[in-house]
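*Asks:* here's a sequence, model it:
(chains A and B)
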Amino acid sequence: MKLLPTVAALSLLATTGAAQAADPNLARNLAATCANCHGTNGNALKGSGMDALAGTEKAKILQKLADFKSGDKPASIMHQISKGYTDEQLDLIAGYFAAQK
Amino acid sequence: MMLMKRRDFLKAGAAAGAMASLYGCAGGGKASGHVIVVGGGYGGATIAKYLRMWSEGGVQVTLIERNPTFISCPISNLVIGGTKTMEDITVSYDGLKNKWGVRVIQDEVVAVDAAKRSISLKAGGAMTYDRLVLSPGVDFMWDQIPGLNNADAQEKILHAWKAGPQTVALRQQLEAMKDGGTYAIAIPKAPYRCPPGPYERACLVADYFKKNKPKSKVVILDANEDVVSKKGLFMKAWEDLYKGTLEYRNNSEVKDVDVKTNTAVLEFDKFKADVLNVIPPHRAGDIAAKSGLKLINNRWVDINWLSMEVNGTPGVHVLGDAIFPAPTMPKSGHMANQHGKLAAAAILNQLSGMEPSPTPVVMNTCYSFVDAKQAIHVASVHQYDAATKVVQPVKGAGGVSAARSELEGKVALGWAKNIWADMLA
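*Replies:* Predicted coordinates for the structure are as follows:
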């Protein structure tokens, strides 16, 4: 569990040719910006009405985020939030949440 | 073929080696040391938990907070409006203590010695740290409203801009007011804590009057030229829901008060109210403002956006409402929570000999109720920009609600439950 974000960051580094040294905990840090609403590590409180993201398949999270960005999925707020992150960042975030229990 | 493979392997190995030297024990050893956090609000409670969680217990954390429990400013306007209780907005520090192993001390820090890396406590004694985090919120500039610059006056003309006894007292004043009376709320010039908060409060008091004291009035005395936050949505709510009950006056800065007659003194005018609620201008909380840290405009702490560390005072980080904010960044609980996470990540890197992440991101959302059930929001995302060294708002992202809705009222309460747990449970 602890290794996963590091691995994700390493693969990001590999694909970008290590031009900019990304933080080894980048995925963890980015995902934490969503926790205010979706719960620490994506574990939203049961009965709070907010969607939990922990343990959700990465592709599923990415598809929903893409649909929020494009406007295909109607939303009260996620269309505005998802547009603030790059696709690479959303990829890291989705990978992090998928790996949580 | 073989050679190619071998060369690739070597290249990868070299990259991994460079990484290891850049990040020291990344993915390996744990950060260690002692971090003192002053203030257990949205910023301080968040960083206390996240330091313990992310270091897997490796970093010792002491949280010093003067109150016995956390009381939330967000949602407190619903207590003033009469649809929530203090119990609904109060959370214990037991989760931080028992689940996360944070040492919680109920006391007040009276001095910081950044050179010696130590703080002094009001109850006596000192404590040393490897890193200090101040999350003190705001204190009021009472001298700007001379008539309020004494304890008796402050008990009569309330701010209720820090949730706690004043929240209860303002609710009592509203309950005691006769039907046909006037409630006036005075807003200071921006920047102040929670930009939409005063307009939300005006709505919720108007909603209470409409249902319980229909002859009563709400008057907003705004020192600003215009509605500071969610203007269109608030004005629409005033027009649709509170016409004849709520009146908005811009450019109406309260310069003084006459406590005996409950009168606000404006530049050219006076305004007498039955319940007068004056939010004085504010600045960084005392411990940040009076510890020799670098201030901007003599009010807000000047910090580095990669670590929330104070410019010129290594080892001291400041979070939340006390800092000089990035462009369009509000002073909000949500944002203070994000500052806490940014600083937690940076401090854990620093405590293991690494640089803070070069690409931090923070985001904000403020929900406001416009009546007991319906809410609206404003949101923004801020990405670090290496050229300006500031977390800049992302263009095309964020924004406000399409319209007020009960759905967002439910989301707002869900937000509160989750952010309180994110900080304290």
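*Asks:* for chain B, just list every one of the helices.
*Replies:* Ranges of helices within chain B are B:2-23, B:42-54, B:76-81, B:94, B:151-156, B:165-176, B:197-212, B:231-241, B:286-289, B:333-351, B:406-424, based on DSSP state H.
*Asks:* nearest to residue B:324, of the ones you listed?
*Replies:* helix B:286-289 (11.1 Å; Cβ to Cβ). In short, each C-beta sits where N, CA and C put it, glycine included.
*Asks:* mean confidence for that closest one?
*Replies:* Taken as a whole, helix B:286-289 has an average pLDDT of 96.
*Asks:* helices or strands up against it?
*Replies:* Helix B:286-289 sits against strand B:109-113, with contacts defined as 3 or more Cβ pairs under 8 Å, 6 or more residues apart in numbering or on different chains; DSSP states H and E.
*Asks:* residues in contact with the strand it packs on?
*Replies:* Strand B:109-113 has contacts (Cβ atoms under 8 Å, 6 or more residues apart in numbering or on different chains) with B:38, B:64, B:118-122, B:132, B:134, B:287, B:291, B:316.
*Asks:* which parts of that strand are buried?
*Replies:* Using 16 or more other Cβ atoms under 10 Å in any protein chain shown as the test for burial, strand B:109-113 gives B:109, B:112.
*Asks:* also stretch B:342-361?
*Replies:* Within stretch B:342-361, the residues that count as buried by 16+ other Cβ under 10 Å are B:342-352, B:354, B:356-357, B:359-361.
*Asks:* whichever residue of chain A sits closest to chain B in helix, strand or coil?
*Replies:* Relative to chain B, the nearest point of chain A is residue A:84 (2.4 Å; Cβ to the nearest Cβ). In three-state terms, and counting by DSSP: H, G, I helix; E, B strand; the rest coil, residue A:84 is coil.
*Asks:* now it, nearest residue through space, not along the chain?
*Replies:* residue B:381 (2.4 Å; Cβ to Cβ, 6 or more residues apart in numbering or on different chains).
*Asks:* so who does that neighbour touch?
*Replies:* Neighbour list for residue B:381: A:81, A:83-85, B:361-364, B:393-394, B:397-398 [criterion: Cβ under 8 Å, 6+ apart].
*Asks:* now the two most distant members of these.
*Replies:* A:83 and B:362 (15.5 Å).
*Asks:* pick out whichever of those two has more residues nearby.
*Replies:* Between residue A:83 and residue B:362, counted using other Cβ atoms under 10 Å in any protein chain shown, residue B:362 has the larger neighbour count: 23 against 19.
*Asks:* returning to what we had before: ok, the residue of chain A closest to chain B - contacts?
*Replies:* So residue A:84 contacts B:361, B:363, B:380-383, B:394, B:397-398 (Cβ under 8 Å, 6+ apart).
*Asks:* then residue B:203?
*Replies:* Residue B:203 makes contacts with B:234, B:237-238, B:241-242, B:246, B:368-371, as judged by Cβ under 8 Å, 6+ apart.
*Asks:* then residue B:310?
*Replies:* Contacts for residue B:310 (Cβ under 8 Å, 6+ apart) come out as B:293-294, B:301-304, B:316-318.
*Asks:* report pLDDT for residue 57.
*Replies:* In the absence of a named chain, this looks at chain A. Residue A:57 is assigned 98 on the pLDDT scale.
*Asks:* wrong one, chain B
*Replies:* On the pLDDT scale, residue B:57 is placed at 97.
*Asks:* that one touches residue B:101, doesn't it?
*Replies:* Yes. Counting by Cβ atoms under 8 Å, residue B:57 touches residue B:101, with 6.2 Å between them.
*Asks:* let's have the contacts of strand B:109-113 in TSV, adding distance to residue B:310 and neighbour count.
*Replies:* Shown next, in TSV, are the contacts of strand B:109-113 (distance: Cβ to Cβ, whole Å; neighbours: other Cβ atoms under 10 Å in any protein chain shown):
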residue	distance to residue B:310	neighbour count
B:38	13	25
B:64	18	22
B:118	16	15
B:119	14	24
B:120	18	15
B:121	21	15
B:122	22	12
B:132	10	28
B:134	8	30
B:287	12	23
B:291	9	23
B:316	5	23
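*Asks:* which of these sits closest to residue B:85?
*Replies:* Here the nearest of these to residue B:85, counting by Cβ to Cβ, is residue B:64; it sits at 27.8 Å.
*Asks:* is it correct that the closest one is in contact with residue B:36?
*Replies:* Yes. If you go by Cβ under 8 Å, residue B:64 and residue B:36 touch, sitting 6.7 Å apart.
*Asks:* find residues that contact each of these two.
*Replies:* Taking Cβ under 8 Å, 6+ apart as the contact rule, residue B:64 and residue B:36 both touch residue B:119.
*Asks:* select, from the contacts of residue A:84, the two members most distant in space.
*Replies:* Spanning the widest gap among the contacts of residue A:84 are B:361 and B:398, at 12.7 Å by Cβ to Cβ.
*Asks:* for chain A, what is the nearest residue in the stretch 251-400 of chain B?
*Replies:* Closest contact between the stretch 251-400 of chain B and chain A, by Cβ to the nearest Cβ, is at residue B:381 (2.4 Å).
*Asks:* pLDDT score for that residue?
*Replies:* Looking at residue B:381, its pLDDT is 98.
*Asks:* ok so, going back, could I get the helices of chain B as a markdown table with distance to residue A:52?
*Replies:* Output for the helices of chain B, formatted as a markdown table (distance: least, Cβ to Cβ, whole Å):
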| stretch | distance to residue A:52 |
| --- | --- |
| helix B:2-23 | 31 |
| helix B:42-54 | 18 |
| helix B:76-81 | 25 |
| helix B:94 | 24 |
| helix B:151-156 | 44 |
| helix B:165-176 | 32 |
| helix B:197-212 | 28 |
| helix B:231-241 | 29 |
| helix B:286-289 | 36 |
| helix B:333-351 | 18 |
| helix B:406-424 | 10 |
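*Asks:* closest to residue A:64 out of those helices?
*Replies:* Residue A:64 lies closest, by Cβ to Cβ, to one member of those: helix B:406-424, at 16.5 Å.
*Asks:* now that closest one and helix B:42-54, what's the angle there?
*Replies:* Between helix B:406-424 and helix B:42-54, the angle comes out at 60 degrees (axes from the mean of the first three to the mean of the last three Cα atoms, to 10 degrees).
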